[in-house]
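Colleague: Can you look at this prediction? I've put the sequence above it.
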Amino acid sequence: MDLLLRLPPLLLRGLFVTALVAIFILAMIPLPEPYFNAFSFQDKIEHYGCFVVLMLMGWAGGPRHARPIAIGLVLYGLLIEVCQDQFTLNRVGDPWDLLADTVGVLIGLGICTRLQQAHPALKAAAA
């Protein structure tokens, strides 16, 4: 995690925006038929992990105000689900995906909070 905090904030912001765009595009691309899952809840693990990473990237890119980033990411997850339901042919909006996104954001928010508590310089940067 220290490596993430050592990267220039401008680079992290750029990577964050690039990741948001890439994830949206991937979410809109039709799934191949048949779609292979190694286990039944693989998709939820992918959503969860993706949103943990997005939360950490958005927060580390600064300014380090985690709550607005968390709210924005939950709304972003909702946007993806609505767009999948309304604008794709073989995808559907799934409330369980949104729940997995939200859990990922909350876990990421918890990590951000812990990091701010552990590093006084981060706490000062968030003020």
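Modeller: Received it, and whenever you're ready, just let me know what you need.
Colleague: quick one: secondary structure of the residue nearest the centre of the chain?
Modeller: Centroid-nearest residue in the chain, with Cα atoms, centre = their mean: Phe51, separated by 2.5 Å. Three-state assignment for Phe51 (DSSP: H, G, I helix; E, B strand; the rest coil): helix.
Colleague: tell me which residues in the helix or strand where Thr18 lies are buried?
Modeller: Applying DSSP states H and E as the criterion places Thr18 in helix 9-28. Across helix 9-28, burial judged by 16 or more other Cβ atoms under 10 Å covers Leu12, Phe16, Leu20, Ile23, Ala27. For glycine as for every other residue, the C-beta is placed from the backbone atoms N, C-alpha and C.
Colleague: likewise stretch 80-100?
Modeller: Quick answer for stretch 80-100 (16+ other Cβ under 10 Å): Ile80, Glu81, Gln84, Arg91, Asp94, Asp97, Leu98, Ala100.
Colleague: Among the residues you listed, which pair sits farthest apart?
Modeller: Arg91 and Ala100 (15.2 Å; Cβ to Cβ).
Colleague: quick one: which of the buried residues of stretch 80-100 is nearest Met55?
Modeller: Ala100 (13.1 Å).
Colleague: Not counting sequence-adjacent ones, nearest residue to the closest one?
Modeller: Leaving aside its chain neighbours, Ala100 sits nearest to His47 (3.8 Å; criterion: Cβ to Cβ, 6 or more residues apart in numbering).
Colleague: just how off-centre is the helix or strand encompassing the one you found within its chain?
Modeller: Using DSSP H and E, His47 sits in helix 42-60. Centre-to-centre, helix 42-60 and its host chain are 4 Å apart (Cα atoms, centre = their mean, to the nearest Å).
Colleague: Check what contacts that helix and list those residues.
Modeller: 1, 4-5, 7, 9, 12, 15-16, 19-20, 23, 37, 66, 69-70, 72-73, 77, 96-97, 100-105, 107-109, 111-112 (Cβ atoms under 8 Å, 6 or more residues apart in numbering).
Colleague: ok, longest helix in the protein?
Modeller: Ranked by residue count under DSSP state H, the longest helix found in the chain is helix 95-118.
Colleague: Alpha carbons of it, in PDB - could you do that?
Modeller: In PDB, the C-alpha atoms belonging to helix 95-118 read as follows (Å, rounded to 0.1, in the frame of the first residue of the first chain):
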ATOM      1  CA  PRO A  95     -28.900  -5.800  -7.800                       C
ATOM      2  CA  TRP A  96     -26.500  -8.400  -6.400                       C
ATOM      3  CA  ASP A  97     -23.800  -6.900  -8.600                       C
ATOM      4  CA  LEU A  98     -24.500  -3.500  -7.100                       C
ATOM      5  CA  LEU A  99     -24.400  -5.000  -3.600                       C
ATOM      6  CA  ALA A 100     -21.000  -6.500  -4.400                       C
ATOM      7  CA  ASP A 101     -19.800  -3.200  -5.800                       C
ATOM      8  CA  THR A 102     -21.000  -1.500  -2.600                       C
ATOM      9  CA  VAL A 103     -19.300  -4.000  -0.300                       C
ATOM     10  CA  GLY A 104     -16.100  -3.500  -2.300                       C
ATOM     11  CA  VAL A 105     -16.400   0.300  -1.800                       C
ATOM     12  CA  LEU A 106     -17.100  -0.100   1.900                       C
ATOM     13  CA  ILE A 107     -14.100  -2.400   2.400                       C
ATOM     14  CA  GLY A 108     -11.900   0.100   0.400                       C
ATOM     15  CA  LEU A 109     -13.300   2.900   2.600                       C
ATOM     16  CA  GLY A 110     -12.400   1.000   5.700                       C
ATOM     17  CA  ILE A 111      -8.800   0.500   4.400                       C
ATOM     18  CA  CYS A 112      -8.600   4.200   3.600                       C
ATOM     19  CA  THR A 113      -9.800   5.100   7.100                       C
ATOM     20  CA  ARG A 114      -7.200   2.700   8.700                       C
ATOM     21  CA  LEU A 115      -4.400   4.200   6.600                       C
ATOM     22  CA  GLN A 116      -5.400   7.700   7.600                       C
ATOM     23  CA  GLN A 117      -5.300   6.700  11.300                       C
ATOM     24  CA  ALA A 118      -2.000   4.900  10.900                       C
END
